[in-house]
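S.K.: what shape does this take:
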Amino acid sequence: MSLVMTSGPALEPVSLAEAKAHLRVDGTAEDALVQSLIVTSRLHIEAALSLALITQSWTYFLDRWPKAGRLVLPLRPIAAISHVRIWKEDGASETLAPSDFLLDGHGMPPRLVAVGDRPLSEPGRPVNGVEVGMTAGFGPAPEDVPATVRHALLLLVAHWYENREPVEIGAGTNAVPTMVSDLLAPYRRRRL
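M.R.: As a prediction, this is how the structure comes out:
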């Protein structure tokens, strides 16, 4: 299984001006640093929680469709499925009709469920035989991202802005502040 970003977010959930105001930074001397901390903080939150904050496109590949007909998607929230393709041995593909599946895009975790009486075709390729194109994210604008997530992102930017020293492997580090983890807790996947 692999997950490939096909189109990244058009903008960040927090602007440079918002981050600089939060940090109480005047001037432009550290704009590049602050902008990189915004991107790094977003990527950290997205990776840690399997989230997409701002609208982005992804393709998910797996070897075969699950036997139960329910495909758990590795990212959330899922706004739409652009295509589901089953790849044949000769390199041709069969694109499933939208009526062949149902999307539960806001579930924990999101799922794609096969519907109907017709069994799904088995892929002919042993690797990456099923391809799912999807649009993920809370929405296209920063205001679409929950306020708690945006605030956690600002706190993470501030933490990394204040703690710039290099880390020696095996030495103690400055852990992510508990406040950031607490704000993000509702978005964490619970495993039973």
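
S.K.: what are the buried residues along the lengthiest helix in the chain?
M.R.: Secondary structure of the chain per DSSP state H: the longest helix is helix 31-49. Using 16 or more other C-beta atoms under 10 Å as the test for burial, helix 31-49 gives V34, Q35, L37, I38, S41, R42, I45, E46, L49. The way it works is simple: take the backbone N, C-alpha and C, and place the C-beta from them, glycine included.

S.K.: checking S121 next. Helix, strand or coil?
M.R.: Under the three-state scheme (DSSP: H, G, I helix; E, B strand; the rest coil), S121 adopts coil.

S.K.: and if you look at V113?
M.R.: In three-state terms, and counting by three-state DSSP, V113 is strand.

S.K.: can you count the residues close to V84?
M.R.: The local packing of V84 (other C-beta atoms under 10 Å) involves 23 other residues.

S.K.: tell me which element the closest residue to V145 other than its chain neighbours falls in.
M.R.: Closest residue in space to V145, ignoring its immediate chain neighbours: P13 at 4.3 Å, by C-beta to C-beta, 6 or more residues apart in numbering. In this structure, P13 is located outside every helix and strand according to DSSP states H and E.

S.K.: how many neighbouring residues does L3 have?
M.R.: Other residues close to L3 by other C-beta under 10 Å number 15.

S.K.: go through the longest strand along the chain and flag the buried ones.
M.R.: Counting by DSSP state E, the longest strand found in the chain is strand 78-87. Going by neighbour count (16+ other C-beta under 10 Å), the buried part of strand 78-87 is I78, A79, I81, V84, R85, I86, W87.

S.K.: would you reformat the residues you listed as JSON lines and include pLDDT?
M.R.: Listed next are the buried residues of strand 78-87 as JSON lines, based on pLDDT from 0 to 100:
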{"residue": "I78", "pLDDT": "96"}
{"residue": "A79", "pLDDT": "96"}
{"residue": "I81", "pLDDT": "95"}
{"residue": "V84", "pLDDT": "92"}
{"residue": "R85", "pLDDT": "92"}
{"residue": "I86", "pLDDT": "90"}
{"residue": "W87", "pLDDT": "92"}
